[in-house]
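In: kindly return the folded structure for what I paste below:
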Amino acid sequence: MTSKRKIRVVAAQIEQGGRYLITQRKPTSSLPLLWEFPGGRVENNETDQEALARELREEMSIEVDVGDAAVAVNHEYDAYIIDFRVYYCRLLTDPREIGTVGVHDYRWVAPHELDDYEFPGADQATVDALLND
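Out: Below you'll find the model as predicted:
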């Protein structure tokens, strides 16, 4: 039996006016077109905060102030295990300047609307935590 690869992934919980920023994965990504909280993989030489700031800069052309951890989840997929950490973040970029360089689309959604979007397993735990606040 081989042990599954563990991947550290970080995501941002960005809230403005009672709505949360979510992004849609590209059609060519693994888990295509599912919705998620924006973020990505942590590289070997990075802290979670550095990785999150870099991923949001690369994928959406935005700058954030990364705050405290909000949710931590380990989620097992068929091929790997995600060590998933979500951080409260404050958007420093004007929301009208959000780009879609590395994402298919994005939305600002109210908590009661989150169930209208399909999320990967690891992100679903974050959605559940938000809805149970």
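In: got a list of contacts for the longest helix belonging to the chain?
Out: Identified as the longest helix of the chain according to DSSP state H is helix 48-60. Helix 48-60 has contacts (Cβ atoms under 8 Å, 6 or more residues apart in numbering) with 8, 10-12, 23, 38-43, 46, 62-64, 66, 85, 87, 89, 98-103, 106. Yep, even glycine has a C-beta here, placed from its N, CA and C like the rest.
In: which residues touch the helix or strand containing residue 125?
Out: Residue 125 belongs to helix 121-131 when assigned by DSSP states H and E. Residues outside helix 121-131 that contact it (Cβ under 8 Å, 6+ apart) are 9, 11, 13, 20, 34-37, 70-71, 73, 75, 77, 82, 84, 86, 111, 114-115, 119.
In: can you pull the pLDDT of residue 61?
Out: Note for residue 61: predicted pLDDT of 98.
In: give me every residue that touches the closest residue in space to it that isn't next to it in sequence.
Out: Of all residues not flanking residue 61 in the chain, residue 99 sits nearest, at 3.6 Å (Cβ to Cβ, 6 or more residues apart in numbering). Taking Cβ under 8 Å, 6+ apart, we find residue 99 in contact with 60-62.
In: of those, grab the buried ones for ChimeraX.
Out: With 16 or more other Cβ atoms under 10 Å as the criterion, this ChimeraX line picks the buried residues out of the contacts of residue 99:
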select :60,62
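In: okay, the closest residue to residue 68 other than its chain neighbours: pLDDT?
Out: In this structure, residue 68 finds its nearest non-sequential neighbour in residue 88, 5.6 Å apart by Cβ to Cβ, 6+ apart. At residue 88, the pLDDT value in this model is 96.
In: same check on the one 5 residues further on?
Out: Predicted confidence (pLDDT) for residue 93: 97.
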